[in-house]
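**Q** just need the structure, nothing else, for what follows:
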Amino acid sequence: TDIGRQDIIIGMAFLREHNPELDWNAGNIEFTRCPSTCTRHTVQDEELRSLQLP
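**A** I've put the predicted structure just below:
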């Protein structure tokens, strides 16, 4: 799907539910406050890099 110049689009409903911590200066996003219904799994370093903000 062509999303223009955007790297990722995250919906407000998702953000409200998962309430991630964003560090704009470091370019990091952490999902430390997900609801208990969230499926937790380990991501590899390569996958984690894809979560870095530009």
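**Q** looking at this structure, which helix is longest?
**A** helix 12-18 (DSSP state H).
**Q** quick check: neighbours of the helix or strand just after that helix in the sheet, parallel or antiparallel?
**A** Next along the chain after helix 12-18, taking DSSP states H and E as the criterion, comes strand 21-23. Counting by DSSP bridges, the strands paired with strand 21-23 are strand 28-30 (antiparallel).
**Q** tell me how many other residues crowd N25.
**A** Here the count is done by other C-beta atoms under 10 Å, and N25 has 7 residues near it. In this view, the C-beta of every residue, glycine as well, is placed from N, C-alpha and C.
**Q** quick check: which ranges of the protein have low pLDDT?
**A** Residues of the chain meeting the criterion pLDDT under 70: 1, 39-54.
**Q** contacts only, for the closest residue to C38 other than its chain neighbours.
**A** Spatially, and ignoring its direct neighbours in sequence, C38 is nearest to H18 (6.9 Å; C-beta to C-beta, 6 or more residues apart in numbering). Taking C-beta atoms under 8 Å, 6 or more residues apart in numbering, we find H18 in contact with 31, 33-35, 38.
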